[in-house]
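1. Okay, sequence plus prediction incoming.
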Amino acid sequence: MSRKDEGPRADIYTRITDKIIEDLEKGVRPWMQPWNAAHTEGRITRPLRHNGQPYSGMNVLLLWSEGMARGFTSPMWMTFKQALELGAAVRKGETGSTVVFASRFTKSETDRNGNDVDREIPFLKAYSVFNVDQIDGLPDHYHHRPAPDLDPLERIEIADRFFRNTGAVVRHGGSQAYYSPVTDHIQMPHLEIFRDAASYVATKSHEVTHWTANPRRVGRDLSRYSKDKSARAREELIAELGSCFLCADLGIVPELEPRPDHASYLQSWLTVLSNDRRAIFQAAAHAQRAVSYLHGLQPSEDGSDKVAA
């Protein structure tokens, strides 16, 4: 289906995908950009709504990218109206950043037998938000949110506990990290092989995202992973985005340099995104479902292990 055939709604998909393709063609994975800035280790979070709730899925990528491109220092965003309701105002001349909202509407149609049937049609709506750095008159706490105060060792311990709570079977040995759907286990090299403990945790976050694909969990079809380059590229994109979301939640720096076995996916991702303008949106949605599932395996909120998704 061509862009013209899809109509105005396709503009959102095309505009956003074209920007990501432009970055990938330069060898830049845009979802990794927040960690490439100076002095950010341990301080990267998901973008936050005005009430402190984190954004999810595609909006994480969009706002990370906008925040980096425009030099914003705050992770918090809000609409023009929300700023007014707080007694503040967006500064004159400031432009908003795009976020998207996915929903469905029901359309009644007549089938081939003459019966009236309801069909659900998905749609994507775009709207604008503004970073706190673009707004005057906000209460002080919007500008002085407490930064995470965990030392690196404590972050690693929390991440290790998080992965143990998932119940995933992890075996150690060899030089490659992977998830085996046949045996339903994650294979990891020993810790000593990695540059540091954070790199080990970041790699495990990638593999545990793959692990969620099992039909007993989130359920993604991996049957064509080893046979079809496109299917493999799509799944690896899901795992990479899932890893980024998890690393932001856990305060860990993800794999900034692709592992040798993943570097080849760059061209495959370009091919997939060029042929399917919705692929990155679908990958982000799958990654979000995977990460939400992993968070759901953590102890209840009155336990000490819970990490906000």
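-> Looks like it arrived, so ask away.

2. which ones are touching Leu61?
-> Leu61 makes contact with 20, 30-31, 241, 280, 284, according to CB atoms under 8 Å, 6 or more residues apart in numbering. Bear in mind the C-beta positions are built from the backbone N, C-alpha and C, glycine included.

3. For Thr17, see how far away it is.
-> For Leu61, the distance to Thr17 (CB to CB, to the nearest Å) stands at 11 Å.

4. thought Glu240 was touching Trp31?
-> Yes. Using CB atoms under 8 Å, Glu240 is in contact with Trp31, at 7.3 Å.

5. for stretch 48-63, which positions count as buried?
-> 48-50, 54-63 (16 or more other CB atoms under 10 Å).

6. ok so Asp118 is a helix residue?
-> No. Counting by DSSP: H, G, I helix; E, B strand; the rest coil, Asp118 falls outside a helix, being strand.

7. That one: neighbour count?
-> 8 (other CB atoms under 10 Å).

8. Output the longest helix along the chain as PDB, nothing but the C-alphas.
-> Assignment by DSSP state H gives helix 229-250 as the longest helix of the chain. The C-alpha trace of helix 229-250 is given here as PDB (Å, rounded to 0.1, in the frame of the first residue of the first chain):
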ATOM      1  CA  LYS A 229      16.100 -12.300   7.500                       C
ATOM      2  CA  SER A 230      13.200 -10.000   7.900                       C
ATOM      3  CA  ALA A 231      11.600 -12.000  10.700                       C
ATOM      4  CA  ARG A 232      15.000 -12.100  12.500                       C
ATOM      5  CA  ALA A 233      15.500  -8.400  12.000                       C
ATOM      6  CA  ARG A 234      12.100  -7.600  13.500                       C
ATOM      7  CA  GLU A 235      12.600  -9.800  16.500                       C
ATOM      8  CA  GLU A 236      16.100  -8.300  17.100                       C
ATOM      9  CA  LEU A 237      14.700  -4.800  16.900                       C
ATOM     10  CA  ILE A 238      12.000  -5.800  19.500                       C
ATOM     11  CA  ALA A 239      14.800  -7.200  21.800                       C
ATOM     12  CA  GLU A 240      17.000  -4.100  21.400                       C
ATOM     13  CA  LEU A 241      14.100  -1.700  22.200                       C
ATOM     14  CA  GLY A 242      13.000  -3.900  25.100                       C
ATOM     15  CA  SER A 243      16.500  -3.800  26.500                       C
ATOM     16  CA  CYS A 244      16.600   0.000  26.200                       C
ATOM     17  CA  PHE A 245      13.300   0.300  28.100                       C
ATOM     18  CA  LEU A 246      14.500  -2.100  30.800                       C
ATOM     19  CA  CYS A 247      17.900  -0.400  31.200                       C
ATOM     20  CA  ALA A 248      16.200   2.900  31.600                       C
ATOM     21  CA  ASP A 249      13.900   1.400  34.300                       C
ATOM     22  CA  LEU A 250      16.800  -0.300  36.100                       C
END
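
9. Return the list of helices and strands in contact with it.
-> helix 58-70, helix 152-166, helix 197-211, helix 265-275, helix 279-296 (3 or more CB pairs under 8 Å, 6 or more residues apart in numbering; DSSP states H and E).

10. Tell me where the stretch 51-200 of the chain is predicted with low confidence.
-> The stretch 51-200 of the chain contains residues with pLDDT under 70 at 103-107, 119-123, 145-150.

11. list the contacts for Pro181?
-> Pro181 is in contact with 213-214, 222, 225, counting by CB under 8 Å, 6+ apart.

12. Roughly how far does it sit from Tyr225?
-> 8 Å.
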